[in-house]
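A.B. asks: Okay, sequence plus prediction incoming.
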Amino acid sequence: MSMRAASECRGGNACGILRFYGKETAMLRIGCHLSSSKGYLAMGKEAVKIGANTFQFFTRNPRGGKAKELDISDIEAYLEFAQENGIARILAHAPYTLNACAKDPDLRQFAYDTMCDDLRRLQYIPEAMYNFHPGSHVKQGVEQGIFYICDLLNRIHAQSGQTTVLLETMAGKGTELGRNFEELSMIIDRVEDKSRLGVCLDTCHVFDGGYDIVHSLDKVLEEFDQTIGLHRLKAVHLNDSKHGLDSHKDRHEKIGEGQIGLETFVKIVTHPKLRELPFYLETPNDLAGYQREIALLREKAEGERI
């Protein structure tokens, strides 16, 4: 399948429309984090098996290291399978060891080299996005950390293709950047090519970071819109939280078993300003657990739409 055909898949009925009890409604675009060890086609088949129509994966070992050689035949087989099965808007996740604002210049170079390589590979999958944690300034200060992140992104954009890069909202542990909407806005403001830049909102992270999505979801979204702009919100990580509001702990929990609760997740996936976005589960689960959560959220979401 051609790259153009893969891109157009997002607009077709197979990719986004569900006929439900005689109604035509937007299908919930939901998946989970999958292992990329066996390639793209294997991930696509695994996604379909558990009822997902998108998925997230690490571009390489999450602790860093060299990525496997590209298998173009596997990618072509995946693209065909994805079109036939309505899979779209998959999310590649950078390794955790990547720190774009590290104090050590060698670590910043590693981040640059890794992201350039990842984005080069993702050009073969035109509907994919790329998510990364902004990093930790390691007591250099917020301003210096943001300078390094923006410098890296500006250099990467000059070398890479058209893949949209997402800054993830963070919980605010230690010296993490992206702990609030203002810090993300500061990064976006200083990136020259904003057309390829977006945000991935992690529900556990923003809740742990002090945004009360349980009692004030609309207010949080309004603040996001005023500070960053909702047009930049491209994806959502669905994670319950083991800890309470403003805890800055970043410990994920299964959907409905943490401090955020199932009711809030139903509001999120059905919210008029969010429901067309892709949702990715990163809860502490095996595949069977992810399958249960996907089925649960689909059932609740479609029930709200009747």
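C.D. replies: Yep, that arrived.

A.B. asks: So what's the residue count around the closest residue to Gly256 other than its chain neighbours?
C.D. replies: Nearest residue to Gly256 in three dimensions, chain neighbours excluded: Leu262, at 3.5 Å (C-beta to C-beta, 6 or more residues apart in numbering). (C-beta placed from N, C-alpha, C; glycine too.) Here the count is done by other C-beta atoms under 10 Å, and Leu262 has 16 residues near it.

A.B. asks: Could you pull up phi and psi at Leu262?
C.D. replies: phi -60, psi -40 (degrees, to the nearest 10).

A.B. asks: residues contacting it?
C.D. replies: Counting by C-beta atoms under 8 Å, 6 or more residues apart in numbering, Leu262 touches Ile255, Gly256, Leu296, Lys300.

A.B. asks: Separate out the buried members of those residues.
C.D. replies: In the contacts of Leu262, burial by neighbour count holds for Ile255, Gly256, Lys300, counting by 16 or more other C-beta atoms under 10 Å.

A.B. asks: Was I right to think the last one contacts Val266?
C.D. replies: Yes - taking C-beta atoms under 8 Å as the definition, Lys300 is a contact partner of Val266 at 4.5 Å.

A.B. asks: can you put the buried ones among the contacts of Leu262 in TSV and add distance to Gln226?
C.D. replies: TSV is the format used below for these (distance: C-beta to C-beta, whole Å):
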residue	distance to Gln226
Ile255	29
Gly256	30
Lys300	29
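
A.B. asks: Thr283: which of the residues you listed is nearest?
C.D. replies: Distance to Thr283, by C-beta to C-beta, is smallest for Ile255 among the buried ones among the contacts of Leu262, at 6.0 Å.

A.B. asks: how far away is that closest one from Leu238?
C.D. replies: 7 Å (C-beta to C-beta, to the nearest Å).

A.B. asks: who touches both of those two?
C.D. replies: Common contacts of Ile255 and Leu238, defined by C-beta under 8 Å, 6+ apart, comprise Phe265, Leu281, Thr283, Leu297.

A.B. asks: of these, closest to Phe55?
C.D. replies: Of the shared contacts of Ile255 and Leu238, the one sitting nearest to Phe55 (C-beta to C-beta) turns out to be Leu281, at 9.5 Å.

A.B. asks: hang on, isn't the closest one packed against Glu293?
C.D. replies: Yes - if you go by C-beta under 8 Å, Leu281 and Glu293 touch, sitting 5.7 Å apart.
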